[in-house]
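[1] Pasting a predicted model and its sequence here:
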Amino acid sequence: MLETLRKYVSGYVALSDEEFHLLADRIVVRNFDRREQLLGVGEVERYMNFVVQGLVRMYFYKGKTELITNIAKEGELVSSSASFLSATPSHYYIETLEPTILLSVTREDLDAVYQQSVRIERLGRLLTTQFVMQKEEWEHECMRLDTRERFTRFVERNPELVTRVPQKYLASYLNMKPETFSRMKNLVKKRPAINKSHVK
Amino acid sequence: MSNSVNAYTAALDHLHRYFARFEPLTKQEFDQFLPYIEVREFDKKCVVIRAGEVERHLNIVAWGLARKYLPVRGRELTIQLATEGHIIHSDLSFHYRTPSNCVIETIEPTVFFSITYENLQEAYDVFPKAERLGRLLLSDLFVKKDTRYFDQLRKDTRERFLDYVRTHPQMLQRVPQKYIASYLNIKPETFSRLKHLMRPGKR
């Protein structure tokens, strides 16, 4: 299990065995059934989680409507990051969609490891940069791309999620009506050769 | 604008205090960092970076006011209005070394403390405290971005307007209304209509 994490981390910094073990020693394995709530709105996020197996969604309610802000699968990080980083109450719920195994580390433990290794601190800095960039990119995409382009881009990047995640959740994540989502899906099915010039 | 030595000293002191909020930093340590910083001055309504260029600098506003926007189908969607002490740059372009989608331009005469991508990487290698400072600055940036993102999704037009004018009263004097409206994702007409809410006794 730790090997997948190690591989992920090596995409950011090269850690020696000793350095990786400093981190690994602090990690707890957490198992969840499907449809288990990991975090509620108003709670402070204690963990940064790496998904080894399963599927997790992050959402909040606007009135009575659920708005999904993130869907994380194997090999990705998931956490109510702003809450985790600032130790303030979470704006979001986190829930599993499938039985899920997470490798988790608390903020206190992470801070302790940062003190021990400047390379792990660099990893923290690079991952935090990545969070900022993903948020920026998502904001740009929502502004620049129309519905169809957002759909196409998402499907290209996450083909397996289309079958694993209930359609209404994907629609919510892409900020479209469920009807629009299924219309898009049929359109793409009929014309499997997606015109890539649409997506910059 | 009087770009006197005093003004620069004051702005650098301010920057030092800003950094020290995240990581204790002596004056000496801060001064070691100064050779990496470049001072860049722009008149008002100057383009700092165009779409298609690769962002070379991370800028911190010493004084002045700059706007970042995304050109989309003939419209300019304002993403950020940066004042004294704020970081503004085309971040995706800076980080990934790809052409910028965004444009940054000044609204007022503006002075930036800027650091190039190469200098920043070197600073991370040279200064032991830079990693922590960088990580904590970025965490703070992320939390602010997330708050804005969440507010855009959750708050209605009226709430976005009222919360913004209450927390940024001076911006209405400094920034053309259409830019603030765009930043808040409110139609200019609606924005004008909402201004009556600002009169005393109307809240």
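    Done, it's in.
[2] List the buried residues for the host helix or strand of B:Ala123?
    Using DSSP states H and E, B:Ala123 sits in helix B:117-126. Neighbour-count burial for helix B:117-126 flags B:117, B:119-120, B:123-124 (criterion: 16 or more other CB atoms under 10 Å in any protein chain shown). The C-beta positions use only the backbone N, C-alpha and C, and glycine is treated the same way.
[3] Is there proximity between that helix and chain A?
    Yes: applying CB under 8 Å from any CB of the partner chain, one finds helix B:117-126 in contact with chain A at B:Tyr124.
[4] In this structure A:Met133 contacts B:Ser93, no?
    No: using CB atoms under 8 Å, A:Met133 makes no contact with B:Ser93, being 10.5 Å away.
[5] hmm, which helix or strand of the chain has the shakiest average pLDDT?
    Let's take chain A. helix A:178-190 (a mean of 84; mean pLDDT, DSSP states H and E).
[6] Chain B is the one I meant
    Scanning chain B with mean pLDDT, DSSP H and E, the lowest is helix B:5-20, at a mean of 91.
[7] List the buried residues in it.
    B:11-12, B:14-16, B:19.
[8] Dump the strand or helix carrying A:Lys7 to CSV, keeping only the CA atoms.
    Taking DSSP H and E as the criterion, A:Lys7 maps to helix A:2-10. C-alpha atoms of helix A:2-10 as CSV (Å, rounded to 0.1, in the frame of the first residue of the first chain):
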residue,chain,number,x,y,z
LEU,A,2,2.8,2.3,0.9
GLU,A,3,4.4,1.7,-2.5
THR,A,4,1.6,3.5,-4.3
LEU,A,5,2.2,6.5,-2.0
ARG,A,6,5.9,6.3,-2.5
LYS,A,7,5.4,6.4,-6.3
TYR,A,8,3.1,9.3,-6.0
VAL,A,9,5.5,11.3,-3.8
SER,A,10,8.4,10.6,-6.1
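[9] Which helix or strand lies directly C-terminal to that helix?
    With elements assigned by DSSP H and E, the helix or strand that comes after helix A:2-10 is helix A:17-24.
[10] The next helix-or-strand element following that next one - which strands sit beside it in the sheet, and in what orientation?
    Counting by DSSP H and E, the element after helix A:17-24 in chain order, helix or strand, is strand A:28-32. Sheet pairing of strand A:28-32 (DSSP bridges) gives strand A:100-106 (antiparallel).
[11] in which helix or strand would I find the spatially closest residue to A:Val118 that is not a sequence neighbour?
    Distances taken as CB to CB, 6 or more residues apart in numbering or on different chains put B:Glu131 closest to A:Val118, at 5.7 Å, once the chain neighbours are dropped. Element membership for B:Glu131, per DSSP H and E: helix B:130-154.
[12] just checking, what packs against that helix?
    Counting contacts by 3 or more CB pairs under 8 Å, 6 or more residues apart in numbering or on different chains; DSSP states H and E, helix B:130-154 packs against strand A:56-62, strand A:65-72, helix A:81-86, helix A:118-144, helix B:117-126, helix B:157-167.
[13] Tabulate the CA atom coordinates of the helix or strand following the third one in PDB.
    Per DSSP H and E, helix A:81-86 leads on to strand A:93-96 as the next helix or strand towards the C-terminus. Presented in PDB, the C-alpha positions along strand A:93-96 are these (Å, rounded to 0.1, in the frame of the first residue of the first chain):
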ATOM      1  CA  TYR A  93     -18.900  17.200   3.600                       C
ATOM      2  CA  ILE A  94     -16.700  14.300   2.600                       C
ATOM      3  CA  GLU A  95     -18.300  10.900   1.900                       C
ATOM      4  CA  THR A  96     -17.200   7.600   0.300                       C
END
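[14] who has more neighbours, A:Met133 and B:Ser93?
    Neighbour count, other CB atoms under 10 Å in any protein chain shown: between A:Met133 and B:Ser93, B:Ser93 has more, with 21 against 17.
[15] That one: what's it in contact with?
    By CB atoms under 8 Å, 6 or more residues apart in numbering or on different chains, the contact set of B:Ser93 is B:49, B:53-55, B:99-102.
[16] Pull out the buried members of those residues.
    For these, a burial check counting by 16+ other CB under 10 Å picks out B:49, B:55, B:100-102.
[17] Now intersect those residues with the strands, please.
    B:Ile49 (DSSP state E).
[18] ok, and the closest non-adjacent residue to the most centrally placed residue in chain B?
    In chain B, the residue lying closest to the centroid (CA atoms, centre = their mean) is B:Ala82, at 3.2 Å. Here the nearest residue to B:Ala82 in space, its sequence neighbours aside, is B:Ile88; by CB to CB, 6+ apart that works out to 3.8 Å.
[19] Also A:Val13?
    Residue nearest to A:Val13 in three dimensions, not counting chain neighbours: A:Leu123, with 4.8 Å by CB to CB, 6+ apart.
[20] close enough to count as contact, the one you found and A:Ser10?
    No: with contact defined as CB under 8 Å, A:Leu123 does not reach A:Ser10; the gap is 9.9 Å.
[21] how far away is the residue most central in space within chain A from A:Gly11?
    For chain A, the residue sitting closest to the mean C-alpha position, by CA atoms, centre = their mean, is A:Ala72 at 3.6 Å. Taking CB to CB, to the nearest Å as the measure, A:Ala72 and A:Gly11 are separated by 16 Å.
[22] mind checking pLDDT for residue 193?
    Just going to use chain A. A:Ala193 is assigned a pLDDT of 51 by the prediction.
[23] wait, I meant chain B there
    Confidence score, pLDDT, at B:Arg193: 92.
[24] can you list the residues of chain A near chain B?
    Counting by CB under 8 Å from any CB, chain A sits next to chain B at A:60, A:62, A:67, A:69, A:81-82, A:85-86, A:88, A:91, A:114, A:118, A:121-122, A:124-125, A:128-129, A:131-133, A:135-137, A:139-140, A:143-144.
[25] Of these, just the buried ones, ChimeraX syntax please.
    Remark: buried members of the residues of chain A next to chain B, expressed as a ChimeraX selection using 16+ other CB under 10 Å:
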select /A:60,67,69,81,82,85,86,91,114,118,121,122,124,125,128,129,131,132,133,135,136,139,140,144
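[26] residue ranges with poor pLDDT in chain B?
    B:1-3, B:200-203 (pLDDT under 70).
[27] tell me which parts of it are close to chain A?
    Counting by CB under 8 Å from any CB, chain B comes close to chain A at B:70, B:72, B:77, B:79, B:91-92, B:95-96, B:101-102, B:124, B:128, B:131-132, B:134-135, B:138-143, B:145-147, B:149-150, B:153-154.
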